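Asker: Quick one, what's the 3D model for this:
(one chain, ligands or ions: 1)
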Amino acid sequence: MGTNGQFGESLDGIIPFLLLCYMFTYWVKTPVWLKMVFPARLIWKVPADPKAPKVYVTFDDGPHPVATPIALQHLRDHGAKATFFCLGKNVEQHPNLYNELLQQGHRTGNHTYDHRNGWKVPDDEYFENIHHAQQSIKSDLFRPPYGRIRRSQARKLTGAGSNWKVVMWDVLSGDFDTTITPEQCLNNVIKYIRPGSIVIFHDSEKALPRMQYALPRVLAYCREKGWEAVVIPD
Ligand SMILES: [Zn+2]
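Answerer: Residues are numbered from 1 along each chain as shown. Model prediction:
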């Protein structure tokens, strides 16, 4: 957004309204306005290379003793690599699973220590929680739980002197939504995935019925299209 700071700040008035809508629903395809209200340094999509099309499959909330090995098996079966945004407390409980992610060539990212909502905790507490998770998750990638992050928090994480890359998304599978069928979850992704897309799944117990159905089919679809599934790049 090539705007000056004043315009940027004036957006603070309408953002709470727009984000209020966000509290009661979720969008499978991230709307353009949501991308525009945040600093340009948040990553929503990776520029696509038409000669070597790639997609970026990501998982949030793990590692989980049942869901993570299932995700890993599907990724192996399809020669795919993914990025796992882990919770510090889960990494502490399942360090071997975390190491396995890395050994298998996947990338990890920080998803706070215990799934903090950036809107509900003071900034200091939020950053402390991220640093707590950083003790077991060695990564410069961060994804805010619920996708909810204040502009002040995003600015601090991506501002001068800070090395974080805040990775948002382009396509939300909705695998966490217990009111949709596994087929609907698959369709959510197939409808919107394109080269450069960052897609969210969850390696959690709640998402498992939909994730384990949709993931292998999404990976097969991408292979058929000639799109390689790789980790979020540097
Ligand atoms: Zn999460």
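Asker: any low-confidence regions in the protein?
Answerer: Within the chain, the segments meeting pLDDT under 70 span 1-25, 33-34, 36-40.
Asker: Could you point out the longest helix of it?
Answerer: Ranked by residue count and defined by DSSP state H, the top helix of the chain is helix 208-225.
Asker: Just checking: what are the partner strands of whatever helix or strand comes next after that helix?
Answerer: Toward the C-terminus, helix 208-225 is succeeded by strand 228-229 as the next helix or strand (DSSP states H and E). When pairing is defined by DSSP bridges, strand 228-229 lines up against strand 54-60 (parallel).
Asker: Hmm, residue 198 and residue 43 touching each other?
Answerer: Yes - if you go by CB atoms under 8 Å, residue 43 and residue 198 touch, sitting 7.2 Å apart. For glycine as for every other residue, the C-beta is placed from the backbone atoms N, C-alpha and C.
Asker: Between those two, which contacts overlap?
Answerer: Residues touching both residue 43 and residue 198 (CB atoms under 8 Å, 6 or more residues apart in numbering) are 167, 168, 232.
Asker: Restrict the residues you listed to the buried ones and give me that as a ChimeraX selection.
Answerer: To isolate the buried subset of the shared contacts of residue 43 and residue 198 in ChimeraX, counting by 16 or more other CB atoms under 10 Å, use the following:
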select :167,168,232
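Asker: Who are the contact partners of residue 177?
Answerer: Residues near residue 177 by CB under 8 Å, 6+ apart: 26, 185, 210.
Asker: Which stretches in the protein count as helices?
Answerer: 5-10, 15-24, 32-36, 67-77, 88-93, 95-103, 123-134, 151-158, 182-192, 208-225.
Asker: Surely residue 190 and residue 221 touch.
Answerer: Yes - counting by CB under 8 Å, residue 221 is a contact partner of residue 190 at 6.0 Å.
Asker: Can you name the residues of the protein that neighbour the ion?
Answerer: Contact residues (CB under 5 Å from the ion) of the chain with the ion: 60, 61, 145.
Asker: For the first one, which residues are in contact?
Answerer: By CB under 8 Å, 6+ apart, the residues touching residue 60 are 85, 111, 143, 145, 200, 201, 202, 203, 204.
Asker: now swap in residue 126 and tell me
Answerer: Residues near residue 126 by CB under 8 Å, 6+ apart: 112, 116, 118, 153.
Asker: Dig out what residue 57 forms beta bridges with.
Answerer: With DSSP bridges as the criterion, residue 57 is bridged to residue 82, residue 199.
Asker: Not counting its own residues, what contacts stretch 84-91?
Answerer: 58-64, 68, 98, 101, 106-115, 132-137, 141-143, 167, 203.
Asker: could you redo the last one with a cut-off of 6 Å?
Answerer: Contacts to stretch 84-91, defined as CB atoms under 6 Å, 6 or more residues apart in numbering, come from residues 59-60, 62-63, 98, 101, 106, 108-109, 111, 113-115, 132-133, 136-137, 143.
Asker: how long is it from one end to the other?
Answerer: One end of stretch 84-91 to the other measures 11 Å (CA to CA, to the nearest Å).
Asker: cool, stretch 126-145 as well?
Answerer: With CA to CA as the measure, what separates the two termini of stretch 126-145 is 11 Å.
Asker: Run the angle between the longest helix of the chain and helix 67-77 for me.
Answerer: 20 degrees (axes from the mean of the first three to the mean of the last three CA atoms, to 10 degrees).
Asker: wait, which of the contacts of residue 177 is closest to the ion?
Answerer: Within those, the smallest distance to the ion is 12.1 Å, found for residue 26 (CB to the ion).
Asker: Right, I'll leave it there.
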